[in-house]
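J.: pasted the sequence and its predicted model underneath.
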Amino acid sequence: MNYREGLYLVPNHMHDAVINYIEKGWEPGSFLQAVIENDLSGAASRADLANQKCLFEWAQYFYGYAPRTAWGSPQAYDRWVKHKGLEGLEQLAQNWLKANGSSF
């Protein structure tokens, strides 16, 4: 599934942060980081009112729409940020293919 399709599940004011995290690996705020790291108590304690009301929907979003390697633990979060999201992973793949005599 496309990660943009599921944005209807989460508050509108969070869409840019989610997109920037997934596409570019930009570090989000502490609430979204806790969600990404699968830290329910951290997310609940950092959520604004809109996000408090839809913690279940956040779980649905990441489980059903986000790239599987982009979330689920602090280690997954750190790797995603380090590799600069989908754009960075695409660049890594292109570099690997070029180094091995292949191209897209």
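T.: Arrived safely, thanks for sending.

J.: excluding covalently adjacent residues, which one is nearest to Trp58?
T.: Nearest residue to Trp58, sequence neighbours excluded (Cβ to Cβ, 6 or more residues apart in numbering): Val35, at 4.9 Å. Using the backbone N, CA and C atoms, a C-beta is placed for each residue, glycine as well.

J.: what's near enough to touch the one you found?
T.: 43, 55, 58-59, 62, 71 (Cβ atoms under 8 Å, 6 or more residues apart in numbering).

J.: I'd like to know which of the residues you listed are buried.
T.: 43, 58, 62, 71 (16 or more other Cβ atoms under 10 Å).

J.: I'd guessed the last one sits against Arg79; true?
T.: This means Trp71. No: Trp71 is beyond contact range of Arg79, at 10.6 Å (criterion: Cβ atoms under 8 Å).

J.: any idea how far the strand or helix carrying the residue nearest to Trp58 is from the chain center?
T.: Here Val35 sits within helix 30-36, counting by DSSP states H and E. With Cα atoms, centre = their mean, to the nearest Å as the basis, helix 30-36 stands 9 Å off its chain's centre.

J.: name the next helix or strand downstream of that helix, please.
T.: Helix 30-36 is succeeded, C-terminally, by helix 40-46 (DSSP H and E).

J.: and the two most separated of the contacts of Val35?
T.: Leu55 and Trp71 (14.3 Å; Cβ to Cβ).

J.: sketch out the low-pLDDT regions of this structure for me.
T.: 1, 102-104 (pLDDT under 70).

J.: please redo it, this time with the cut-off set to 50
T.: For the chain, applying pLDDT under 50 flags no range at all.

J.: by residue count, which helix of it is the longest?
T.: Using DSSP state H to define each element, the chain has its longest helix at helix 85-99.

J.: show me what it is packed up against.
T.: Contacts defined by 3 or more Cβ pairs under 8 Å, 6 or more residues apart in numbering; DSSP states H and E place helix 85-99 against helix 15-24.
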